[in-house]
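Participant: Output the structure for:
(chains A and B)
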Amino acid sequence: MSKSTFLWLVSCLCLFCMPANGQEKKFAKKETVPTDTVPLFQGFAVSTDLVGPGAYLFGSDFMSAEVALEVNLKNRFFPVVEIGYGKTDATNEDSELHYRTSAPYFRVGMDYNVQYKKRLPGYIFAGVRLGYTNFTYDVEGPSLKDPVWGGEAPFAFADVSGNALWGELLAGVKVTVCKNLMMGWSLRYKMRISVSDHPNSAPWYIPGFGANNNTKFGVAYNLIYRIPWKGR
Amino acid sequence: MKKMWLLIGVCWMAGWFLQACEEEDCALTTVAYGSFMFVDEAGKQVALADTLSVTAPLYTSDTLYVYEGAYDTLTSLFPIDTLTADKGYHLVLQVTREEELILNRKTGATGLEVPFSYTATTDTFFLRYSAQMRDTLWVTHENLPYFTSMDCGTVMHYKLTDVKSTRHLIDSLEIVNKDVTNNLKTNVKIYFSVAR
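Facilitator: Numbers count the residues shown, from 1 in each chain, chains lettered A, B, ... in the order given. As a prediction, this is how the structure comes out:
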């Protein structure tokens, strides 16, 4: 089953969960909150993404697992740090190429609650991220056969080091499903800023970014736990 | 909340659509050719008036000795001790028995694209302008097997380190782009001594 199929499944899960939220009716009148009365610090939250491990379980070549820590400032700004681990160990049956890498990655950024003036069980947000990873990879495959001069050149490179820096723009929703538990998903537009190249290869997979394209889209489906805080 | 549901739907559809657009485009060719441009003394691209044929000796297990002089090239299956540097000859050791035809009697040629060996580091090309006139071109390069992606596979790239030639019609050579990939940029300018 492909990554897309998995995403469809988690989307259905999200849609199923959200109507179950009993608090929705309670806030149907869209109460507005005087922003100058909201204390600066509103608490911490930790979250994890389910798309990476789920897609891998359903047959994707790429696996990533990550946790994030975010701070709620005035229920409006959410500085966030994301730490993850990405890996792939893939073989292409047609080209008989084998590519292997695994490495941690980091992102820092901030989300912005576009509905901060309203008291809702969830919120729509937009955000930015800056991601970085430092990794090594192995790539090997059949020898290259010279079609003109004859002969073969072996093809196997191990421990090729690389690094990548990228930015992300994201938008999504988060909804409270019970007291301190939220669910949400976001659409991420990823822009590669720099990636190290090697005379014999370009990285095929970048941990935390995905397939090595100039830009790409990603989807995250998060489970979020708000750490209880007296001041909230 | 209606707006939120609407946003969810729009974003989800956009995600599906945009992920579908990320199909990888592979290069049309998997062979990287060295690209040579013919220029006059001023560096302006010129077309050769003569027909041009280009051949390259193929590598086999048999050794052939090639001696390049100022005005001619001698070949032998054995070393010729009498042909020394003070007589204007130098030895170019080749392993060859037959030649690959790369260009056949092209008229008005303004340039040349040639394949390089995957295993040897110096390739030889014979540029024949007529029955009597020819130049020999030696290209020295590093071979760089290159991984493009899992879907697009591998290709041989090269890094040019030196180019030399005889000086019959060719005046000089200039490497303008040492990286030979499948982007078809000009790698070497061949300056001809007389505008042909």
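Participant: for the chain, what spans make up the helices?
Facilitator: By default, I'm working from chain A. A:3-17, A:23-26, A:51-57 (DSSP state H).
Participant: Sorry, I should have been clearer: chain B.
Facilitator: B:2-20.
Participant: Show me the domain layout of it.
Facilitator: B:28-58+B:99-196, B:61-95 (automatic domain parsing).
Participant: if we compare the ones you listed, which one ends up closest to residue A:79?
Facilitator: With Cβ to Cβ, the closest approach to residue A:79 among the domains of chain B belongs to domain B:28-58+B:99-196: 35.5 Å. For every residue, glycine as well, the C-beta is placed using N, CA and C.
Participant: ok, is that closest one in contact with chain A or not?
Facilitator: Yes. Using Cβ under 8 Å from any Cβ of the partner chain, we find that domain B:28-58+B:99-196 touches chain A at B:31, B:56, B:58, B:100, B:115-120, B:123, B:143-151, B:153-157, B:159.
Participant: what residues are up against the residue lying farthest from the centre of chain A?
Facilitator: In chain A, the residue that sits farthest from the middle, by Cα atoms, centre = their mean, is residue A:149; the gap is 46.9 Å. When contacts are counted by Cβ atoms under 8 Å, 6 or more residues apart in numbering or on different chains, residue A:149 touches B:56, B:58-59, B:100, B:115-120, B:123.
Participant: what stretches of chain A score poorly on pLDDT?
Facilitator: A:1-36, A:230-232 (pLDDT under 70).
Participant: Where do the strands of it begin and end?
Facilitator: A:41-49, A:62-73, A:77-91, A:98-113, A:122-145, A:152-178, A:181-195, A:205-206, A:210-211, A:215-226 (DSSP state E).
Participant: Mean confidence (pLDDT) on stretch B:152-170, please.
Facilitator: What stretch B:152-170 shows for mean pLDDT is 93.
Participant: looking at chain B, which helix or strand is least sure?
Facilitator: helix B:2-20 (a mean of 56; mean pLDDT, DSSP states H and E).
Participant: In contact with residue 80, which residues?
Facilitator: Chain wasn't specified; assuming chain A. A:68-71, A:107-111, A:127, A:129.
Participant: My question was about chain B, not that one.
Facilitator: Residue B:80 sits in contact with B:65, B:67, B:74, where contact means Cβ under 8 Å, 6+ apart.
Participant: By neighbour count, which of the residues you listed wins?
Facilitator: residue B:67 (19 neighbours; other Cβ atoms under 10 Å in any protein chain shown).
Participant: State the distance from it to chain A.
Facilitator: Distance from residue B:67 to chain A, counting by Cβ to the nearest Cβ, to the nearest Å: 22 Å.
Participant: which phi and psi does the residue lying closest to residue B:192 once chain neighbours are set aside have?
Facilitator: Of all residues not flanking residue B:192 in the chain, residue B:169 sits nearest, at 5.5 Å (Cβ to Cβ, 6 or more residues apart in numbering or on different chains). Note on residue B:169: backbone dihedrals following degrees, to the nearest 10 are phi -100, psi -20.
Participant: my read: residue B:169 touches residue B:136, true?
Facilitator: No. If you go by Cβ atoms under 8 Å, residue B:169 and residue B:136 don't touch, sitting 11.5 Å apart.
Participant: measure the residue nearest to residue B:192 to residue A:228 for me?
Facilitator: 86 Å (Cβ to Cβ, to the nearest Å).
Participant: ok, these two, which is more surrounded?
Facilitator: Higher neighbour count among residue B:169 and residue A:228: residue B:169, with 19 against 10, using other Cβ under 10 Å.
Participant: related to what we said a few turns ago, I'd like to know which of the contacts of residue B:80 are part of strands.
Facilitator: Residues from the contacts of residue B:80 lying in strands, with DSSP E as the criterion: B:65, B:67, B:74.
Participant: can you list the residues you listed in a markdown table and add distance to residue A:39 and pLDDT?
Facilitator: Listed next are these as a markdown table, based on distance: Cβ to Cβ, whole Å; pLDDT from 0 to 100:
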| residue | distance to residue A:39 | pLDDT |
| --- | --- | --- |
| B:65 | 89 | 77 |
| B:67 | 90 | 81 |
| B:74 | 93 | 76 |
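Participant: quick check, nearest of these to residue A:121?
Facilitator: residue B:65 (86.8 Å).
Participant: what bridges to that closest one?
Facilitator: The partner list for residue B:65 in beta bridges (DSSP bridges) reads residue B:76, residue B:93.
Participant: So it versus residue B:165, what's the distance?
Facilitator: The gap separating residue B:65 from residue B:165 is 19 Å, by Cβ to Cβ.
Participant: what's the longest strand in chain B?
Facilitator: In chain B, taking DSSP E as the definition, the longest strand is strand B:134-149.
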